[in-house]
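In: With the input below, show me the fold.
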Amino acid sequence: MSENLAYQEMRREELIDGEAVMMSPRPTVNHNRVAYNIATLFDNYLRGKKCVPFSDGVDLYLDEKNRFIPDFMIVCDPDKIKPDGVYGAPDLVVEVLSPSTAKNDRGYKKDTYAKFGVREYWLVSPGDKTVEVYRAENSAFFLYDIYSQHPDWELAKMSKVERLTVVTHFKCSLYDDLEISLEDIFYRTF
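Out: Presented below is the predicted three-dimensional model:
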């Protein structure tokens, strides 16, 4: 552990099932870029609309045992937004996967988000360039789809017919008029 006080002050923790869990203080460049790209995309789209986008760093209070810090979330109920964080389920939560957090993001946190009423949940892998979209049904999430950005070399090996079936855009269930591009999500990542 670093003795640097600035480093120690940057350390953040979540409360997961009543237990304090330290978060990684320094996300990778790709993690940061993906979270920023998603926040920018929704911030531009939601400007002037009721729903509010929040990027990394905002506390989400679900109950006394669960306080998370999602990489991104959208809240459409203004009564849930307080000066120190969001109290209650957001409508969309996005977690950008890191090796140290993937188990919680895929397991306990996913189940908890569903239990508290999050409508849609994304797990985004910067390394694989994939977006797993989960949608709520009966207080649980079901895997709606997995979207993958294929590298140019892989596309070059595909037949024309295969390339025509590659999905490059998708929609969030909250907004019928917003096309989300995988290229925009993974812009300037490597």
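In: List the buried residues in the longest helix seen in the chain.
Out: Counting residues, the longest helix found in the chain (DSSP state H) is helix 29-46. For helix 29-46, a neighbour-count test (16 or more other Cβ atoms under 10 Å) marks 30-39, 41-42, 45-46 as buried. Any C-beta I mention is one placed from the backbone N, CA and C, and that applies to glycine too.
In: ok now that helix, how far from the chain's centre?
Out: Remark: helix 29-46 is offset 10 Å from the chain centroid, using Cα atoms, centre = their mean, to the nearest Å.
In: what does stretch 162-174 give?
Out: The chain centroid and the centroid of stretch 162-174 are separated by 18 Å under Cα atoms, centre = their mean.
In: buried sites along that stretch?
Out: Within stretch 162-174, judged by 16+ other Cβ under 10 Å, the buried ones are 170, 172.
In: What are the boundaries of the helices in the protein?
Out: With helices called from DSSP H, the chain shows them at 5-10, 29-46, 102-106, 108-116, 152-157, 160-164, 182-185.
In: what's the fourth one packed up against?
Out: It stands for helix 108-116. Where contact means 3 or more Cβ pairs under 8 Å, 6 or more residues apart in numbering; DSSP states H and E, helix 108-116 is packed against strand 60-63, strand 66-68, strand 120-125, strand 130-137, strand 140-148.
In: model confidence over it, on average?
Out: Across helix 108-116, pLDDT averages out at 97.
In: List the residues that contact Ala89.
Out: 62, 80, 113, 116-118 (Cβ atoms under 8 Å, 6 or more residues apart in numbering).
In: any idea how far Thr40 is from it?
Out: As judged by Cβ to Cβ, to the nearest Å, Ala89 and Thr40 stand 24 Å apart.
In: hmm, who's touching the longest helix of the chain?
Out: Contacting residues not belonging to helix 29-46 are listed as 27, 52-53, 55-56, 71-72, 74, 94, 96, 98, 124, 126-127, 175, 178, 180, 184-190 [Cβ under 8 Å, 6+ apart].
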